[in-house]
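Asks: curious how this folds, go ahead:
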Amino acid sequence: MSTILDFLGSDHRACDDLFASAEAAAAQKDWGSARSLFDRFQAAMAHHLAMEETVLFPAFETRTGNSMGPTHVMRMEHEQMRGLMQDMAGAVAAGDRNAYLGLSETLNMLMQQHNLKEENMLYPMSDQVLSGNRDDLIRSMQAVA
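Replies: The predicted model follows:
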């Protein structure tokens, strides 16, 4: 099976692609497409965050004995992202291009920084400390509804 970095890094890119498509539709004021794409993006992000928060982070914290380190920071950033996505959902529902694009810019910056931290620090650390049960963890993440 793949590494945690490969598995979750690939999921980052899938979420990023949906995000960019929704942003492009909103920029063109194609609100039907923007709403549909944003809903798909928001669902993909909810799934991604759930995989991390219900499977990866607890396993990492149990193995390292540290719940106030990188996973704590990632959880705080997840909450920031959820808040921005909630605001974006309101903007896309209202067809408010300027509000949507402003929030989108903020979320994009946060996601880029967040993904870099996960892909350059947390995921490689997870691959190392969880190497013995990495395949089981990936299967558990795949099973998250």
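Asks: excluding chain neighbours, what is closest to residue 95?
Replies: Of all residues not flanking residue 95 in the chain, residue 31 sits nearest, at 4.9 Å (CB to CB, 6 or more residues apart in numbering). From N, CA and C alone the C-beta is placed, and that goes for glycine too.
Asks: again but with residue 115, I slipped
Replies: In space, residue 115 is closest to residue 12, 4.9 Å off (CB to CB, 6+ apart).
Asks: OK, contacts around the one you found?
Replies: Counting by CB atoms under 8 Å, 6 or more residues apart in numbering, residue 12 touches 48, 115, 118-119.
Asks: between the residues you listed, which is nearest residue 6?
Replies: residue 119 (10.0 Å; CB to CB).
Asks: now do the closest one against residue 60, distance only.
Replies: Distance of residue 119 to residue 60, computed by CB to CB, to the nearest Å: 15 Å.
Asks: quick one, which of those two is more surrounded?
Replies: residue 60 (24 against 14; other CB atoms under 10 Å).
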